[in-house]
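Asks: My questions are about this predicted structure, shown below with the sequence.
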Amino acid sequence: MTKSGSILAQTALAAAIAAGALMATAMPASALIACNKFGECWHVRENYVYRPEFGVTLHPDNWHWGRHEHFRWREHADRGYWHNGVWI
């Protein structure tokens with residue numbers, strides 16, 4: 001192997017190791033599903049603590065409602081909650 005080929009191989013190896021280390025330390029994106037007592041659900045990025053009178057329940061991101069339950073998806077970009085069709 002030539003000197004330039006050796007340097008190229010070492011650079012490629014170092015890049016592969018760095019990329020692997022970055023992937024190993026990257027945290028997966030987590031989200032939760034919040035639903036209120038009116039059947040409105042939306043995604044939240046953090047585990048917010050909602051006051052009990054808001055009637056909000058948090059579920060894991062892979063949660064699905066049951067066959068006889070009736071919910072609606074209502075997404076919103078800001079922090080808050082849905083209350084009877086109104087974003088608060």
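Replies: Received it, and whenever you're ready, just let me know what you need.

Asks: which stretches of the protein form strands?
Replies: Under the criterion DSSP state E, the chain contains strands at 32-35, 40-44, 57-60, 72-73, 82-83, 86-87.

Asks: Which one of those lies nearest to Arg51?
Replies: Closest to Arg51 of the strands of the chain, according to CB to CB: strand 82-83, at 11.6 Å. Glycine gets a C-beta too; all of them are placed from N, C-alpha and C.

Asks: So what touches the closest one?
Replies: Applying CB atoms under 8 Å, 6 or more residues apart in numbering, the contact partners of strand 82-83 are Asn36, Phe38, Glu40, Trp42, Phe54, Arg74, His76, Ile88.

Asks: From the residues you listed, which one has the minimum pLDDT?
Replies: Among the contacts of strand 82-83, His76 has the lowest pLDDT, at 73.

Asks: wait, what's in contact with Arg74?
Replies: So Arg74 contacts Glu40, Cys41, Trp42, Trp82, Gly85, Trp87 (CB under 8 Å, 6+ apart).

Asks: returning to what we had before: now render the strands of the chain as a markdown table, adding mean neighbour count.
Replies: A markdown table is the format used below for the strands of the chain (neighbours: other CB atoms under 10 Å):
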| stretch | mean neighbour count |
| --- | --- |
| strand 32-35 | 19 |
| strand 40-44 | 18 |
| strand 57-60 | 12 |
| strand 72-73 | 11 |
| strand 82-83 | 18 |
| strand 86-87 | 11 |
